[in-house]
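S.K.: I'd like to go over a predicted model; first the sequence, then the structure.
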Amino acid sequence: SHTAFGAGVLAEGNRNIQVIGHPNLNSVVQANLKSAGFPAYFPEIGPYLTARGLIQFNAFMPSKGPDAWVVNTTFPEDFESAFLPVNTPVQDGEVRTVLGQRMQFFTKYGSDDKVHTTVWLPDRKILLTTLLWSSPPQLYSVRGDVFRDPREWIEGLKFNRNLEPEVLISAAARPVVGKEEVRERLQGYLDGASFVLDQSLRGILANKGPDELRDLVRLPEYLQKVPNNLENYGEVSSYPPAIYYQAVGWYDNDAANLSPVAPLDEAKRIVPLMGGRSAVLAAAAEAMMKREDSWAAQLVNYLYRLDPTDEVVRKRKAEALRQMAYVSTGSNNRAHLISQALALEGKVTLPRVVPPAAETITAFPATYVDYFRVRIDPAKSGETDQVLRFEFTNGTTAGLHVRRAVAEFIEDPDTYPRNADIVLRLSPETWAKVYLGTEPVAALIQSGAITVTQGDGAEAARVLNLFDRYDPAKAVVVPPASLIQEHM
């Protein structure tokens with residue numbers, strides 16, 4: 001669903017064209033339109049994952065020099081979607097003749113996305129797939145994402161191999177030509193994925209925790225020699241912990257870790273034990289002299305937690321992160337390391353969250369009433385017990401029941417067992433201003449942009465101000481959903 005947005009370019013502006021694809025593609029794209037940002041298991045935290053995604057895709061890195069990105073950015077300034085919706089959905093195994101070519105379509109297997117379509121030309125033994133990448137299957141993205149089940153990717157690769165293609169054309173790697181070469185490439189690639197999964201599970205059976213698995217599970221040399229197993233995008237060491245968390249959860253079976261002290265408290269206790277700030281800085285400097293950059297970063301991080309404004313500490317941490325980046329093979333890891341180093345040096349500002357575009361909120365106002373609920377501040381809400389009803393000028397309604405520290409979303413206020421205490425009438429555009437914090441609620445009520453048809457205006461403003469606000473001055477602009485929506 002995220003590799004389909006250039007189709008209109010290939011169609012050369014012709015919108016009356018047959019678009020063959022996965023039967024669920026359009027609905028997934030529509031669901032993504034409503035999301036608050038990058039795909040997330042809980043869509044409410046989309047803005048947080050968007051911020052991490054922008055880092056991953058090099059939005060804050062220079063294009064030249066030793067700190068430059070090594071793959072292009074996802075969000076160029078002139079971004080424009082050319083998405084064309086599927087108008088000819090196909091089922092798994094379906095055969096069609098397209099432009100005189102017999103094609104068979106398979107929709108069962110996905111990789112990082114679940115709405116991929118594999119195309120097989122049986123008469124010519126040509127396979128078009130999305131399962132073979134130029135780097136190992138990315139079973140976890142360091143920006144954060146929903147779980148990517150290795151079993152599905154592995155089964156898809158087996159299926160591709162067993163078709164015995166003579167030509168393989170991938171959306172994420174260079175073509176492979178020759179029956180034996182294709183088979184060896186797919187075999188080595190799926191063996192790499194199988195190794196990561198099986199050895200992670202083996203480690204769990206041996207009582208290894210997620211951090212131990214990171215070092216235990218490394219591709220053997222013969223699998224490293226498979227061209228497509230080059231760790232140039234994600235790095236294998238980041239995958240086993242994700243498998244562990246999915247399989248077991250966060251607890252690593254060491255009872256000492258059931259109730260650890262908070263990171264800041266740990267730093268307050270451990271720095272004196274190490275001899276104080278000067279001693280920690282000296283130890284970090286010695287570690288870097290030995291090229292133990294990861295250890296240096298861990299050491300200096302104790303000081304950073306104690307005082308993130310300490311310029312000497314910031315500089316030392318930036319040095320460690322940059323050296324880690326210079327030896328990192330994966331562009332994802334490099335992007336996070338370099339971007340944070342640049343931020344520590346004051347050269348860039350990394351956003352903590354990236355709010356959704358106003359156009360997206362305007363298109364789905366009720367959805368964003370739901371997402372708004374997670375931003376309630378319990379320290380402010382106190383004894384509040386108020387039911388708010390939102391009546392939007394596009395005819396939709398939604399509600400929030402603010403009960404002390406919790407805000408319950410009300411999908412249909414007409415069926416809720418309690419009547420609204422406060423009724424607000426407003427346009428979706430005005431709701432976007434409230435959601436994004438671009439204008440004070442009281443000012444919107446005073447100007448008439450929000451009409452309080454029931455209840456007190458001052459109380460309405462107070463209740464809405466119990467929720468966290470985005471800082472408009474720190475907002476990062478991302479392509480609005482309307483660029484995609486106009487093609488749906």
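M.R.: Received the coordinates, thanks. Numbering: from 1, shown residues only.

S.K.: residues near the closest residue to V98 other than its chain neighbours, how many?
M.R.: In this structure, V98 finds its nearest non-sequential neighbour in I20, 7.1 Å apart by Cβ to Cβ, 6 or more residues apart in numbering. C-beta: built from backbone N, CA, C; applies to glycine. When neighbours are counted by other Cβ atoms under 10 Å, I20 registers 16.

S.K.: for V313, same thing?
M.R.: Other residues close to V313 by other Cβ under 10 Å number 23.

S.K.: helix or strand: which one has it?
M.R.: helix 311-326 (DSSP states H and E).

S.K.: got it, and R161?
M.R.: If you go by DSSP H and E, R161 is part of helix 150-162.

S.K.: could I get that helix in CSV with only the CA atoms?
M.R.: C-alpha atoms of helix 150-162 as CSV (Å, rounded to 0.1, in the frame of the first residue of the first chain):
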residue,chain,number,x,y,z
PRO,A,150,8.5,-13.8,9.6
ARG,A,151,6.5,-16.9,8.9
GLU,A,152,4.4,-15.2,6.3
TRP,A,153,7.4,-13.8,4.5
ILE,A,154,9.2,-17.1,4.6
GLU,A,155,6.2,-19.1,3.2
GLY,A,156,5.9,-16.5,0.4
LEU,A,157,9.5,-17.0,-0.5
LYS,A,158,9.1,-20.7,-0.5
PHE,A,159,6.1,-20.4,-2.8
ASN,A,160,8.1,-18.1,-5.2
ARG,A,161,11.0,-20.5,-5.2
ASN,A,162,8.7,-23.5,-6.0
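
S.K.: that one packs against which elements?
M.R.: Other elements packing on helix 150-162 under the criterion 3 or more Cβ pairs under 8 Å, 6 or more residues apart in numbering; DSSP states H and E are strand 118-121, strand 126-133, helix 179-205.

S.K.: mean neighbour count for these - can I get that in CSV?
M.R.: Shown next, in CSV, are the helices and strands packed on helix 150-162 (neighbours: other Cβ atoms under 10 Å):
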stretch, mean neighbour count
strand 118-121, 20
strand 126-133, 23
helix 179-205, 19
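
S.K.: ok, which of the ones you listed comes nearest R469?
M.R.: Closest approach to R469 among these is made by strand 126-133 (40.0 Å; Cβ to Cβ).

S.K.: now A407, what's its secondary structure?
M.R.: strand (DSSP: H, G, I helix; E, B strand; the rest coil).

S.K.: do the same with V115
M.R.: V115 - assigned by three-state DSSP - is coil.

S.K.: pretty sure it sits against S1.
M.R.: Yes: at 5.2 Å, V115 and S1 qualify as touching, with contact defined as Cβ atoms under 8 Å.

S.K.: more neighbours: which of those two?
M.R.: Taking other Cβ under 10 Å, V115 and S1 do not tie; S1 has more neighbours (22 against 19).

S.K.: just checking, that one touches T117?
M.R.: No: with contact defined as Cβ under 8 Å, S1 does not reach T117; the gap is 11.2 Å.

S.K.: contacting residues around the nearest residue to V71 once chain neighbours are set aside?
M.R.: What sits nearest to V71 in space, not counting adjacent residues and going by Cβ to Cβ, 6+ apart, is S331, at 4.8 Å. Counting by Cβ atoms under 8 Å, 6 or more residues apart in numbering, S331 makes contact with 58, 69-71, 232-233.

S.K.: could you rerun that using 6 Å?
M.R.: 70-71, 233 (Cβ atoms under 6 Å, 6 or more residues apart in numbering).

S.K.: let me know the pLDDT of it.
M.R.: As predicted, S331 sits at a pLDDT of 92.

S.K.: with the one 10 residues further on instead?
M.R.: Note on A341: pLDDT of 97.

S.K.: surely it is in a helix?
M.R.: Yes: assessed by three-state DSSP, A341 belongs to a helix.

S.K.: avg pLDDT for the helix holding R161?
M.R.: The model assigns helix 150-162 a mean pLDDT of 96.

S.K.: T3: neighbouring residues, count only.
M.R.: 12.

S.K.: that one: what's it in contact with?
M.R.: Taking Cβ under 6 Å, 6+ apart, one finds A171 in contact with T3.

S.K.: got the phi/psi numbers for it?
M.R.: The phi and psi values for T3, taken as degrees, to the nearest 10, are phi -110, psi 10.

S.K.: tell me the helices and strands packed up against the helix holding V313.
M.R.: Packing partners of helix 311-326 (3 or more Cβ pairs under 6 Å, 6 or more residues apart in numbering; DSSP states H and E): helix 293-306, helix 331-344.

S.K.: how does it look with 10 Å?
M.R.: With contacts taken as 3 or more Cβ pairs under 10 Å, 6 or more residues apart in numbering; DSSP states H and E, helix 311-326 sits against helix 277-289, helix 293-306, helix 331-344.

S.K.: by how many degrees do the second one and helix 277-289 diverge?
M.R.: Put simply, helix 293-306 runs at 160 degrees to helix 277-289, going by axes from the mean of the first three to the mean of the last three Cα atoms, to 10 degrees.

S.K.: quick one: buried residues of helix 293-306?
M.R.: 293, 295-297, 299-305 (16 or more other Cβ atoms under 10 Å).

S.K.: what's the answer for stretch 256-270, then?
M.R.: Quick answer for stretch 256-270 (16+ other Cβ under 10 Å): A267.

S.K.: could you tell me the end-to-end distance of that stretch?
M.R.: With Cα to Cα, to the nearest Å as the measure, the first residue of stretch 256-270 is 17 Å from its last.

S.K.: give me the contacts around that stretch.
M.R.: 209, 250-252, 280, 299, 301-307 (Cβ atoms under 10 Å, 6 or more residues apart in numbering).

S.K.: redo that, cut-off 7 Å
M.R.: Under the contact criterion Cβ atoms under 7 Å, 6 or more residues apart in numbering, stretch 256-270 has outside partners 251, 302, 305-306.

S.K.: picking up where we left off before, can you list the buried residues in the helix holding V313?
M.R.: 313-314, 316-325.

S.K.: ok, now stretch 147-156?
M.R.: 148, 150, 153-154, 156.

S.K.: of all those residues, which comes closest to P355?
M.R.: R148 (26.3 Å).

S.K.: in a strand, that closest one, correct?
M.R.: No: under the criterion used here (three-state DSSP), R148 is coil, not part of a strand.

S.K.: next, the contact list for it, please.
M.R.: R148 makes contact with 112, 139-140 under the criterion Cβ under 7 Å, 6+ apart.

S.K.: let me have those in a markdown table, extended by neighbour count, pLDDT and secondary structure.
M.R.: Formatted as a markdown table, the contacts of R148 follow (neighbours: other Cβ atoms under 10 Å; pLDDT from 0 to 100; DSSP: H, G, I helix; E, B strand; the rest coil):
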| residue | neighbour count | pLDDT | secondary structure |
| --- | --- | --- | --- |
| D112 | 21 | 85 | coil |
| L139 | 24 | 93 | coil |
| Y140 | 23 | 91 | coil |
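
S.K.: low pLDDT regions in this protein?
M.R.: Residue ranges of the chain with pLDDT under 70: 72-79, 472-488.

S.K.: the strands in it, which residues?
M.R.: 20-21, 88-89, 95-98, 101-106, 118-121, 126-133, 167-172, 176-177, 385-392, 397-403, 406-410, 422-426, 450-454 (DSSP state E).

S.K.: spatially nearest residue to D293 (excluding sequence neighbours)?
M.R.: That would be Q323: by Cβ to Cβ, 6+ apart, it lies 4.2 Å from D293.

S.K.: from what I can see the one you found touches W295, true?
M.R.: No: with contact defined as Cβ atoms under 7 Å, Q323 and W295 do not form a contacting pair (11.4 Å).
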